[in-house]
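Peer 1: Sequence plus predicted model, see below.
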Amino acid sequence: MTVNFKKVSFWMITLALTVLMLLIISLILLASQTNPLTFLDVVFLEPFKNISYFSGFLNLFSVLLLVGLAVGITFKYKIYNFGVSGQMLISAIVTYVIAVAITNGGGTNRAIVLFLLFIAIIVGTFTGFVIAFLKNYFKINEIISTILFNFIAFEGYKGLITSPNYQNQAMPEILSLRFSLTSGPFSASNLFSAGIIIAVIILVITILLFNNRTLGFKLNAVAKNPLASKQARIDPNHQMLKVLPISGAIAGVAGYLYFLSTNNSLPKLDSIPQEGFYAIAIAALAFYEPGVMVLSNFIFTLFIRPINFSSFAYLKNPAIVVVMLGVAVYLMGLFPFVWYLWDQSPFIQEKWFKIKRKLFKIATPIEEEIPGLERSRKNQQVETLNINLAGKKDHSRRWHLKRNKTKEKKKR
């Protein structure tokens, strides 16, 4: 039976960091006179106790997954889109206004939801294109334009929900993505949302589009070496005009799911939605890889769901939850450093090999399994090998000389 030691090491480090995270969180809670078990129950077990909590968990998970993808596909290629929150707001505003107009005109067909979802995608794509256009043709840094875009969108949203025409307006039924496993699809009386299905579909498309296609190869080339990519006739500006609209389209869907798909009315906001900023940490912890974001997003959702649903009201200081989230993010961010230290440290590798030899009965050390062996030992082995080879060559030369002399004597 062969053992994959890389996987063993991966899960050992993951388990160690998880235990350390739980230990630090428990100590902070004890210091604040709070029962750690109650806190851990709310974070890790409550989402799976009943259908209502689980539905809320899935809705938030799908939104955070989409915003993580929207940020990740830009940051990975050194295009810094900080405007995901604004793109979510603008898409929600335009889609909501169109939905209200359709409802007032007598439109009630549930199939209209597909058209409205398409509108959200178009609006998000357009906002991404505007940011890319300003960057390429007016040299306006995308960081500045996207941050300002967030404030513009937020003020527009506040103006919408306080205007006489839309104030206290009920959410049109044609926007709902809720469905039931018993009473048929798109039932407004239901808890489950089709948002998780949409998020998974977009995740698969993103992985296929950026990992296994020409677009991903060209963007990688531009990010790693812009000068070399120009020599290969890959225009960096043209690639930016592709990736930012795609990011905006994903953010548009996230805005639809967050604001319109499950709410009874437009939520009132005191500040710019934090989900767009959570997305930066979600994407960074996943190394901007779409597939890995599922794991980092899962951990984030566990902590953010209770904050959004006020499940920590029993705490004397609910703001301490943000500290817990910071501890979890920090320890997750340490994983690459710990992995590098584990893989490259000669001392750790030598001790780890001794443990493997005892547990799995490995008879002799193999150099390939211990990449961190001391240089002196490696050099010594190389020198011994060179001496042996030199001796063999010298012995072979003497043998050939002696053989040639014997042939000459026989000829005489």
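Peer 2: Structure's in. What do you need?
Peer 1: So Leu27 versus Asn263, what's the distance?
Peer 2: Shown here: Leu27 relative to Asn263, a distance of 38 Å by Cβ to Cβ, to the nearest Å. Yep, even glycine has a C-beta here, placed from its N, CA and C like the rest.
Peer 1: what does Thr18 give?
Peer 2: 34 Å.
Peer 1: just Ala281 next, same as before
Peer 2: Separation of Ala281 from Asn263 (Cβ to Cβ) stands at 25 Å.
Peer 1: Comparing these two, which residue is more hemmed in?
Peer 2: More neighbours surround Ala281 than the other of Ala281 and Asn263, with 18 against 12 (other Cβ atoms under 10 Å).
Peer 1: Skipping its backbone neighbours, what lies nearest that one in space?
Peer 2: Nearest residue to Ala281 in three dimensions, chain neighbours excluded: Val329, at 5.6 Å (Cβ to Cβ, 6 or more residues apart in numbering).
Peer 1: Okay, buried residues for stretch 46-66 please.
Peer 2: By neighbour count with 16 or more other Cβ atoms under 10 Å, stretch 46-66 contains the buried residues 46-47, 53, 55-66.
Peer 1: got any ranges where the stretch 101-250 of the chain has weak pLDDT?
Peer 2: Low-confidence segments of the stretch 101-250 of the chain, defined by pLDDT under 70: 179-191, 212-213.
Peer 1: again, only this time at 50
Peer 2: 184-189 (pLDDT under 50).
Peer 1: what's the spacing between Thr14 and Gly291?
Peer 2: 16 Å.
Peer 1: tell me which element Leu331 is part of?
Peer 2: helix 320-333 (DSSP states H and E).
Peer 1: How far does that helix sit from its chain's centre?
Peer 2: In this view, helix 320-333 has its centroid 16 Å away from the chain centroid, taken as Cα atoms, centre = their mean, to the nearest Å.
Peer 1: what packs against it?
Peer 2: When contacts are defined as 3 or more Cβ pairs under 8 Å, 6 or more residues apart in numbering; DSSP states H and E, helix 320-333 sits against helix 5-31, helix 275-285, helix 293-308.
Peer 1: What residues sit buried inside that helix?
Peer 2: So for helix 320-333, counting by 16+ other Cβ under 10 Å, buried means Ile320, Val321, Met324, Leu325, Val327, Ala328, Val329, Leu331, Met332.
Peer 1: Now Met293: closest residue in space that isn't a chain neighbour?
Peer 2: Ala286 (4.2 Å).
Peer 1: Quick one: neighbours of that neighbour, just the number.
Peer 2: Ala286 has 21 neighbours, counted by other Cβ under 10 Å.
Peer 1: Roughly how far does it sit from Gly86?
Peer 2: Distance from Ala286 to Gly86, by Cβ to Cβ: 23 Å.
Peer 1: What of Leu359?
Peer 2: Separation of Leu359 from Gly86 (Cβ to Cβ): 54 Å.
Peer 1: same question for whatever helix or strand Phe353 lives in, mean pLDDT?
Peer 2: Element membership of Phe353 [criterion: DSSP H and E] is helix 346-360. The average pLDDT within helix 346-360 is 74.
Peer 1: any idea of the angle it forms with helix 5-31?
Peer 2: 110 degrees (axes from the mean of the first three to the mean of the last three Cα atoms, to 10 degrees).
Peer 1: Phi and psi next, for Tyr77.
Peer 2: phi -110, psi 20 (degrees, to the nearest 10).
Peer 1: domain assignment for the protein?
Peer 2: 55-293+304-309, 375-411 (automatic domain parsing).
Peer 1: hey, which of those domains is tucked in deepest?
Peer 2: Of the domains of the chain, the one with the most neighbours on average (mean count of other Cβ atoms under 10 Å) is domain 55-293+304-309, at a mean of 19.
Peer 1: distance between it and the chain's centre?
Peer 2: 15 Å.
Peer 1: try stretch 35-53
Peer 2: Chain-centre distance of stretch 35-53: 24 Å, with Cα atoms, centre = their mean.
Peer 1: measure it end to end?
Peer 2: 22 Å (Cα to Cα, to the nearest Å).
Peer 1: Let me see the mean pLDDT of that stretch.
Peer 2: Mean per-residue pLDDT for stretch 35-53: 85.
Peer 1: Can you add distance to Ala232 and give the helices and strands packed on helix 320-333 back as a markdown table?
Peer 2: Output for these, formatted as a markdown table (distance: least, Cβ to Cβ, whole Å):
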| stretch | distance to Ala232 |
| --- | --- |
| helix 5-31 | 34 |
| helix 275-285 | 27 |
| helix 293-308 | 29 |
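Peer 1: what's the closest of the ones you listed to Ile348?
Peer 2: Closest approach to Ile348 among these is made by helix 5-31 (10.1 Å; Cβ to Cβ).
Peer 1: contacting residues for Leu244?
Peer 2: Thr74, Ile79, Asn81, Gly128, Phe129, Ile131, Ala132, Lys135, Glu142 (Cβ atoms under 8 Å, 6 or more residues apart in numbering).
Peer 1: The fifth one reaches Ala249, doesn't it?
Peer 2: No - between Phe129 and Ala249 there is no contact, the gap being 9.9 Å when judged by Cβ atoms under 8 Å.
Peer 1: quick one on the thing from earlier: want to throw the helices and strands packed on helix 320-333 into a markdown table with mean pLDDT and distance to Leu341?
Peer 2: A markdown table is the format used below for the helices and strands packed on helix 320-333 (pLDDT from 0 to 100; distance: least, Cβ to Cβ, whole Å):
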| stretch | mean pLDDT | distance to Leu341 |
| --- | --- | --- |
| helix 5-31 | 81 | 10 |
| helix 275-285 | 88 | 18 |
| helix 293-308 | 86 | 21 |
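Peer 1: follow-up on the earlier one: any chance of the domains of the chain in a markdown table, plus distance to Gln349?
Peer 2: Shown next, in a markdown table, are the domains of the chain (distance: least, Cβ to Cβ, whole Å):
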| stretch | distance to Gln349 |
| --- | --- |
| domain 55-293+304-309 | 23 |
| domain 375-411 | 12 |
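Peer 1: Alright, calling it a day.
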